[in-house]
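Visitor: Provide a 3D model corresponding to the input given below.
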Amino acid sequence: MNIRPIEDGDTENVVALWRACDLLRPWNDPHADIARARAAPQSEVFVMTADDGTIVASAMVGDDGHRGWPYYVAVSPDRRDEGLGKAIMAHAENWLKSQGATKVNLMIRSGNPVQAFYDKAGYQVEDRIVMAKWLVEPPARDEPPQLDVTITYLEMRKQPSRGPARPPRLTEKLALMRAERPTAGFYRYLYNAVGEPWRWYERNQLSDEELAAIVQDELVEVCVLYYGGTPAGYAELDFRQKGEVELAYFGLIPDYIGLGLGQYLLDWAIDSAWSRHPERLWVNTCTLDHPAALPIYQKAGFVPYDQEAIRIPDPRTDAQSTK
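Guide: This next block holds a predicted model:
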């Protein structure tokens, strides 16, 4: 792992990480926060990158001249319990010490389970009262927070020249099986188990009848990847449009990320789509998805052909609360 200051090209991936960790609030503009932190000499945004360059953790820190303060401490949901949070916090603390800070203060909401992380890191609860006053009118609590989302559309016009999809060598058995006429309940389990960290929401807005009409259509194939007899992810191929195939949904349940299953499932889905000899295969991803989603699709052979910027109500409205 490498820890370094944020760079110009990192901003969108860092904001996506914060979104995946549920750190964004409608009254805080993350882009403006990053810009201010980078401009001030007493503050910085640090990112931790994996060997492939993917940003897996972050911490924004600042020294107010009296105390050091951390903000936006985040670890990618699929990389937790690996000591990454501890490592980036230690780096941030060392930087604050080099700036002359002698103490670090932080604020977390009452009942936030992240307190256990800071307890282990040596932080203590002090007898203080935190008071606040809004200098500008905050968003109304009954208005759903809005998210700015960029959707990237990608397509593939010919089948990749690689060989057939090859499963990774693992200790547990793998099986790929089409769910024949899946019930709405089973599909919702897959959809939410895979998509909850990335705020998948559209299928949850459908009634069971509307959802079943889609996933039980004979031209829609929901293919489930099983690892050791347990669902690990799925790919949904939509053949309803003549001459083309949409990879409508694709992903792994977070517990199975990092085993090499994603590449295998994606390659298999691509091969399965091209076995029907379409004119094109297409997919879309957005800035709510895993930060590595776009480069993974491009590596597999998809080429971006359009982008769209939209604003949507935050699917996790119920989880929003004041900092």
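Visitor: Show me the shaky parts of this protein.
Guide: Applying pLDDT under 70 to the chain flags the ranges 139-144, 316-323.
Visitor: Spell out which residues make up each domain of it.
Guide: As recorded under automatic domain parsing, the domains making up the chain are 2-120, 146-319.
Visitor: Can I get these in JSON lines including mean neighbour count?
Guide: No exception for glycine: its C-beta is placed from N, CA and C like everyone else's. Formatted as JSON lines, the domains of the chain follow (neighbours: other C-beta atoms under 10 Å):
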{"stretch": "domain 2-120", "mean neighbour count": "16"}
{"stretch": "domain 146-319", "mean neighbour count": "17"}
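Visitor: how about the helices of the stretch 51-200 of the chain, start to end?
Guide: With DSSP state H, counting those that start in this stretch, the ranges of helices along the stretch 51-200 of the chain come out as 84-98, 115-120, 184-195.
Visitor: closest one to Phe250 among the ones you listed?
Guide: Closest of the helices of the stretch 51-200 of the chain to Phe250 is helix 184-195, at 8.5 Å (criterion: C-beta to C-beta).
Visitor: contacting residues around the very next helix or strand once past the closest one?
Guide: Next in sequence after helix 184-195, counting helices and strands by DSSP states H and E, comes helix 208-215. Applying C-beta atoms under 8 Å, 6 or more residues apart in numbering, the contact partners of helix 208-215 are 179, 182-185, 187-188, 203, 206, 220, 222, 236.
Visitor: Closest to Ala116 out of those?
Guide: Arg188 (30.6 Å).
Visitor: Would you mind listing the residues in contact with that closest one?
Guide: 203-204, 211.
Visitor: about what we covered before: may I see the contacts of helix 208-215 organised as JSON lines, with distance to Gly83 added?
Guide: Putting these into JSON lines (distance: C-beta to C-beta, whole Å) gives the following:
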{"residue": "Ala179", "distance to Gly83": "37"}
{"residue": "Pro182", "distance to Gly83": "38"}
{"residue": "Thr183", "distance to Gly83": "40"}
{"residue": "Ala184", "distance to Gly83": "40"}
{"residue": "Gly185", "distance to Gly83": "37"}
{"residue": "Tyr187", "distance to Gly83": "36"}
{"residue": "Arg188", "distance to Gly83": "34"}
{"residue": "Arg203", "distance to Gly83": "35"}
{"residue": "Leu206", "distance to Gly83": "40"}
{"residue": "Val220", "distance to Gly83": "42"}
{"residue": "Val222", "distance to Gly83": "37"}
{"residue": "Glu236", "distance to Gly83": "35"}
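Visitor: Just name the closest of those residues to Ala37, please.
Guide: Arg203 (36.8 Å).
Visitor: The closest one against Leu190, yeah?
Guide: No: using C-beta atoms under 8 Å, Arg203 makes no contact with Leu190, being 9.9 Å away.
Visitor: coming back round to it: dump the contacts of Arg188 to a markdown table, plus distance to Glu308.
Guide: Putting the contacts of Arg188 into a markdown table (distance: C-beta to C-beta, whole Å) gives the following:
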| residue | distance to Glu308 |
| --- | --- |
| Arg203 | 19 |
| Asn204 | 21 |
| Leu211 | 24 |
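Visitor: Just give me the closest of these to Arg162.
Guide: Among the contacts of Arg188, and counting by C-beta to C-beta, the member closest to Arg162 is Arg203, at 31.0 Å.
Visitor: For Ala212, see how far away the closest residue to the closest one other than its chain neighbours is.
Guide: What sits nearest to Arg203 in space, not counting adjacent residues and going by C-beta to C-beta, 6 or more residues apart in numbering, is Tyr191, at 5.2 Å. Note on Tyr191: its distance to Ala212, by C-beta to C-beta, to the nearest Å, is 13 Å.
Visitor: mind checking the end-to-end distance for stretch 17-32?
Guide: One end of stretch 17-32 sits 16 Å from the other (C-alpha to C-alpha, to the nearest Å).
Visitor: what does it rub up against?
Guide: By C-beta under 8 Å, 6+ apart, stretch 17-32 touches 11, 14-15, 55-58, 72, 74-77, 138-139, 145-147, 197-199, 287-288, 290-291, 314, 316, 319-320, 322-323.
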